[in-house]
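[1] below are the sequence and a predicted model; questions follow.
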Amino acid sequence: MLIRRLVSSDAAAFQPLRLAGLRSSSSAFGSSYQEECDTPLLTIEARLAPDSGRNMFGAFDGDKLVGIVGVGRETALKARHKAYVRAMYVAESHRGCGVGRQLMEHALAFAATLEGVQRVTISVTAGNAEAIGLYESLGFVEFGREPESMIVDGRFHDEIMMSRALAVAPSMA
């Protein structure tokens with residue numbers, strides 16, 4: 001399994017995987033299939049461009065993109081010590097094979113390269129036991145829960161916020 005940063009030329013592979021995730025796991029994402037299905041490929045290319053400020057990584061099985069994860073950092077001066085993981089998704093055909101763990105390990109390693117980042121956060125829909133188990137096994141702990149965070153197909157879903165420290169010493173600057 002190759003995991004690498006996605007670039008503009010990956011847009012044609014990224015978009016259908018992202019849409020599949022939004023369709024099959026609709027309660028796992030803040031966005032929806034309806035909101036993203038008509039996004040032009042040029043927009044996706046721009047979002048994946050190296051100078052876009054976005055950090056999206058993909059897991060490839062041969063030439064096929066089978067998993068994605070996004071990593072960013074907070075921009076506010078008082079919160080720049082925190083990074084976040086978002087948009088984690090593994091194709092149903094590749095679940096249970098360790099792809100999610102590899103993506104998360106890559107995301108955490110990337111976050112550790114961001115100067116001054118000491119903590120990583122992620123949120124997950126309550127009831128998503130597989131994702132929660134993966135995140136806990138990587139050292140994430142729950143620090144909060146937002147009741148009725150989303151309504152999907154007329155049902156409320158709570159969101160669990162999780163966090164973990166990176167293995168870096170705090171800056172004394």
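    All right, it came through fine. Numbers count the residues shown, from 1 in each chain.
[2] can you pull the contacts of residue 64?
    residue 13 (CB atoms under 8 Å, 6 or more residues apart in numbering). Quick note: C-beta positions are derived from backbone N, CA and C, even for glycine.
[3] partner residues bridging it?
    residue 61 (DSSP bridges).
[4] so where do the helices sit in the protein?
    Along the chain, counting by DSSP state H, helices occupy 11-24, 33-36, 41-48, 99-113, 129-137.
[5] list the contacts for the residue most central in space within the chain?
    Per CA atoms, centre = their mean, the C-alpha nearest to the average position across the chain is that of residue 86, at 2.7 Å. Shown in contact with residue 86 (CB under 8 Å, 6+ apart): 69-72, 122.
[6] so among these, where is pLDDT lowest?
    Ranked by pLDDT, the contacts of residue 86 bottom out at residue 72, which has 92.
[7] would you confirm that residue 83 contacts residue 71?
    Yes. Counting by CB atoms under 8 Å, residue 83 touches residue 71, with 6.2 Å between them.
[8] who touches both of those two?
    By CB under 8 Å, 6+ apart, the residues touching both residue 83 and residue 71 are residue 111.
[9] how many residues are close by residue 40?
    Using other CB atoms under 10 Å, the number of residues around residue 40 comes to 10.
[10] so how far is residue 6 from it?
    Distance, residue 40 to residue 6, by CB to CB, to the nearest Å: 17 Å.
[11] quick one: contacts of the helix or strand of the chain with the lowest mean pLDDT?
    Between all helices and strands in the chain, the lowest mean by mean pLDDT, DSSP states H and E belongs to helix 33-36, at a mean of 92. The contact list for helix 33-36 (CB under 8 Å, 6+ apart) reads 18-19, 22-23, 26.
[12] show me which of those are buried.
    18, 22, 26 (16 or more other CB atoms under 10 Å).
[13] name the nearest residue to the last one, sequence neighbours excluded.
    Closest residue to residue 26 in three dimensions, ignoring its sequence neighbours and counting by CB to CB, 6 or more residues apart in numbering: residue 152, at 5.1 Å.
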